[in-house]
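**Student:** Predicted coordinates and the sequence they were generated for:
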Amino acid sequence: MDNEDIVLETRFVGDIKGHFLVPEYQRGYRWEKSEVGRLLEDVYEANGANYCLQPIVVKKNGDIYELIDGQQRLTTIYLIYRYLQTEMPKLKLNFTLSYETREQSEEFLCSLDDSKQEDNIDFWFMAQAYKTIREWFEDKEKNHNLPQDILAFKIAEWFKEKVKVIWYEVGQSEDAIGLFTRLNIGKIPLTSSELVKSIFLSKNAKLKSAEFEKNTDALDAKAKETIIKEKQEEIALQWDNIEKELHNDSLWFFLTNNKTEQYQTRIDLILDLIAEKPANNREKYFTFFYFDNKNQESLEDVWREIQQTFLMLKGWYENHTMYHKVGYLIASESNTLQEIYNASKNKTKREFDEELDRLIKKSVELDRNYSELSYEKPADYDKMKRLLLLFNVESVRRIDGQSARFPFDKYKFGDDGKVVWSLEHIHAQHSEGMQKQELWKEWLKLHIPSVKAVSKDSTDLISRMETAINNNKLERWEFEELQQEAVALLSDKGNTEYLHSIANMALLSTGDNAALSNSVFDVKRNEIIKMDKEGRYIPFCTKMVFLKYYTKSDEQNVWFWGYQDRKAYIEAINEVLATNPKYIEPIILEKEEN
């Protein structure tokens, strides 16, 4: 698409003029009652506020506009005007419609003769749309006490002064059929970013600033146009470079938790940020309207803001400390990128860093000691998960040399885009969610190697486990009896009050494998080692837990997750999260009684 030949602007509905030809490659008019009613309701609910309809894409051929996209919308507007004329006979309709392969449609639009609506499918849809418009006005009079003539006057005034369309006019060299095809099969829909880009690159772009006029005062018009064209080419190149850089998933998933399907182009994220588009706003062209309203400013200044915003985000990404602090806040869903972006405004680097620390501390703020959090309490689950995520991120951030970085892209979507990290027991002693014998047998298979490793006197137990696995029908009581024996053998002696506390929790990805999720420490350790050998991503602290990194060597028992392990784990959390900066209050793990 040759952007130099594009005219892009918002135009009042009342200012739409000329003759529009619907070419043969388009289907006929097909809007139904719901779509016609929605357009009317949107205008009505705006209640005289500025409102903008979606794009009308045209190509001018002499005195005729070839209507590439927006036929349904423009035909509906035409039918609304036809109804308005029944209440306001002097109202002028400044545009007409004709159809390249349906010549009688233009005549039917002019007459709206009900007796002919059955002649072809196009007539029928047009007649039904007009009927919907008439009934809509009648309903407003009957149920809202709003006389039709008064409402018609309001709609006409709003069309003239408040309601706009996005006018997208392409140049003579544009392949209209190709553009229509691409728009309608969704390959390059007119997203906000495509339209914003066209603002800068269209032939009516207002790139001339006061400084530009001053510096080029002595140049003729052609020389000025050459300079503007060169500037547009520079913007186009820089735009594409930003888009390319945002396709680095490490950068992209540092900035957002959403998969790319949310954006047709990734630069939309930057534009939405500047426009402060609310997360729950579903207006497709919200961001375009924001930049369109800035069209009266020097677009060179607007472009500079886009560049600087991207460079600021990239700067956060490249700064070791900022990367981890901002990344944690977004990944933990404590704050949105918009909130962090707004918080950074008018702050020095030091002030912003202090603000990030405040936000992080707030994200893990508790009304009690964090040792009291329990996996069994739904309200505590997310708090524990957030604490452990922060523990992982901060542990990586503090590694000497700053060469390691927490991989937010892998944490959010794994190596294959499917992983979901959950809060899991480091050592499990129950069989939660295991209702089928297939899972019971899988659990027994997973635990036989550990039973063999821990005890040479477990021949009888292993034999019974193997028999149970081969049984055609394994009863629940049989499984639970074997499970209790195996767990007792593979568990450190002591009380079980710690089982659902943070001292026995880690971020793990067991997927749908309930058997693994309910396994003892040694089984999970073997699975972690297997995952690591396969090159799969494992959160840093999770790996350290199962490698017994936090436990002193003289206090280690490789098969069990015991008191000394839990104590060392809590001390590590205290060291990372309760010192410089202090995000949480440290705790002491009390000695457990046998």
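**Tutor:** Thanks, I have it.

**Student:** give me the element the nearest residue to residue 409 once chain neighbours are set aside is part of.
**Tutor:** Excluding the flanking residues, the one nearest residue 409 by C-beta to C-beta, 6 or more residues apart in numbering is residue 253, at 3.8 Å. (Glycine included, C-beta is placed from N, CA and C.) Element membership for residue 253 (DSSP states H and E) is helix 249-255.

**Student:** Which elements pack onto that helix?
**Tutor:** Judged by 3 or more C-beta pairs under 8 Å, 6 or more residues apart in numbering; DSSP states H and E, the packing partners of helix 249-255 are helix 299-318, helix 320-331, helix 408-413.

**Student:** what about the shortest one, average pLDDT?
**Tutor:** Mean pLDDT, computed over helix 408-413, is 89.

**Student:** Moving C-terminal from it, which element do we reach first?
**Tutor:** Using DSSP H and E, the first helix or strand after helix 408-413 is strand 422-425.

**Student:** center of the chain, which residue is that?
**Tutor:** In the chain, the C-alpha nearest the mean C-alpha coordinate belongs to residue 258, at 3.4 Å (C-alpha atoms, centre = their mean).

**Student:** Is residue 393 inside a helix or a strand, and which specific one?
**Tutor:** helix 378-397.

**Student:** Does anything pack onto that helix? Which helices or strands?
**Tutor:** helix 320-331, helix 349-363, strand 422-425, strand 505-508, helix 540-546, helix 563-577.

**Student:** what mean pLDDT does the last one have?
**Tutor:** Summarised as a single mean, pLDDT over helix 563-577 is 92.

**Student:** other SSEs contacting that helix?
**Tutor:** helix 378-397.

**Student:** What separation do you get for residue 81 and residue 17?
**Tutor:** 12 Å (C-beta to C-beta, to the nearest Å).

**Student:** Look at these two and report which has more neighbours.
**Tutor:** Remark: of residue 81 and residue 17, residue 81 carries more neighbours, 22 against 11, as counted by other C-beta atoms under 10 Å.

**Student:** Tell me the secondary structure at the closest residue to the more buried one other than its chain neighbours.
**Tutor:** Excluding the flanking residues, the one nearest residue 81 by C-beta to C-beta, 6+ apart is residue 93, at 4.8 Å. Look at residue 93: counting by DSSP: H, G, I helix; E, B strand; the rest coil, its state is coil.

**Student:** Torsion angles phi and psi at residue 93?
**Tutor:** The phi/psi pair for residue 93 (degrees, to the nearest 10) reads phi -110, psi 110.

**Student:** Report how many residues lie close to it.
**Tutor:** For residue 93, using other C-beta under 10 Å, the count is 13.

**Student:** ok, it - contacts?
**Tutor:** Taking C-beta atoms under 8 Å, 6 or more residues apart in numbering as the criterion, residue 93 is in contact with 78, 81-82, 85.

**Student:** Sort out for me which of those are in helices.
**Tutor:** 78, 81-82, 85 (DSSP state H).

**Student:** Buried ones among those?
**Tutor:** 78, 81-82 (16 or more other C-beta atoms under 10 Å).

**Student:** Can you name the element that comes right after the helix or strand of the chain with the lowest mean pLDDT?
**Tutor:** Ranking every helix and strand in the chain by mean pLDDT, DSSP states H and E puts helix 210-215 at the bottom, with a mean of 57. Counting by DSSP H and E, the next helix or strand C-terminal to helix 210-215 is helix 221-246.

**Student:** Run the angle between that following helix and helix 299-318 for me.
**Tutor:** 20 degrees (axes from the mean of the first three to the mean of the last three C-alpha atoms, to 10 degrees).

**Student:** quick one: buried residues of helix 221-246?
**Tutor:** Those would be 228, 231-232, 235, 239, 242-243, 246, for helix 221-246 by 16+ other C-beta under 10 Å.

**Student:** Find the pair from those with maximum spatial separation.
**Tutor:** 228 and 246 (26.9 Å; C-beta to C-beta).

**Student:** Turn the buried ones among the ones in helices among the contacts of residue 93 into a markdown table, columns for pLDDT and distance to residue 356.
**Tutor:** Converted to a markdown table, those look like this (pLDDT from 0 to 100; distance: C-beta to C-beta, whole Å):
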| residue | pLDDT | distance to residue 356 |
| --- | --- | --- |
| 78 | 97 | 55 |
| 81 | 97 | 55 |
| 82 | 96 | 59 |
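
**Student:** Arrange those in CSV, one row each, with distance to residue 585 as further columns.
**Tutor:** Converted to CSV, those look like this (distance: C-beta to C-beta, whole Å):
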residue, distance to residue 585
78, 69
81, 69
82, 72
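
**Student:** coming back round to it: what about the residue nearest to the centre of the chain, which SS state?
**Tutor:** When the rule is three-state DSSP, residue 258 gets the label coil.

**Student:** quick one: residue 16 and residue 236, what's the gap?
**Tutor:** Residue 16 is 29 Å from residue 236, by C-beta to C-beta.

**Student:** got it, and residue 294?
**Tutor:** Per C-beta to C-beta, residue 294 is found 19 Å from residue 236.

**Student:** ok, now residue 483?
**Tutor:** Residue 483 is 65 Å from residue 236, by C-beta to C-beta.

**Student:** Show the contacting residues for residue 56.
**Tutor:** 16, 67, 69-70, 73-74, 165-168.

**Student:** So which of those is the closest to residue 451?
**Tutor:** Using C-beta to C-beta, the contacts of residue 56 come closest to residue 451 at residue 69, 68.2 Å.

**Student:** Phi first, then psi, for the residue nearest to that closest one when sequence neighbours are not counted.
**Tutor:** Setting aside the residues directly before and after it, residue 69 is nearest to residue 57 in space (C-beta to C-beta, 6+ apart), at 3.9 Å. When read as degrees, to the nearest 10, the backbone of residue 57 gives phi -100, psi 120.

**Student:** my guess is residue 57 meets residue 182, correct?
**Tutor:** No. Contact criterion C-beta atoms under 8 Å: residue 57 and residue 182 do not qualify, at 10.8 Å.

**Student:** For the two, indicate the residue with more neighbours.
**Tutor:** More crowded of residue 57 and residue 182, by other C-beta under 10 Å: residue 57, with 22 against 15.

**Student:** Return the set of residues that bridge with the more buried one.
**Tutor:** In this entry, residue 57 is beta-bridged to residue 69, residue 168, by DSSP bridges.

**Student:** And it, how close does it get to residue 42?
**Tutor:** 20 Å.

**Student:** Could you do residue 360 as well?
**Tutor:** From residue 360 across to residue 42, the span is 42 Å (C-beta to C-beta).

**Student:** and what of residue 334?
**Tutor:** Taking C-beta to C-beta, one finds residue 334 at 36 Å from residue 42.

**Student:** higher neighbour count, these two?
**Tutor:** Per other C-beta under 10 Å, whichever of residue 334 and residue 42 has more neighbours is residue 334, with 18 against 12.

**Student:** Quick check: that one is in a helix.
**Tutor:** No. Using three-state DSSP, the assignment for residue 334 is coil, not a helix.

**Student:** Not counting its neighbours along the chain, what's nearest it?
**Tutor:** residue 363 (3.6 Å).

**Student:** I'd assumed residue 329 was in contact with the one you found.
**Tutor:** Yes. When contacts are counted by C-beta under 8 Å, residue 363 is listed as touching residue 329 (6.7 Å).

**Student:** who touches both of the two?
**Tutor:** residue 335.

**Student:** Looking at the two, which is more packed in?
**Tutor:** residue 329 (23 against 19).

**Student:** ok, now how distant is the nearest residue to that one once chain neighbours are set aside from residue 325?
**Tutor:** Excluding the flanking residues, the one nearest residue 329 by C-beta to C-beta, 6+ apart is residue 335, at 4.4 Å. As judged by C-beta to C-beta, residue 335 and residue 325 stand 11 Å apart.
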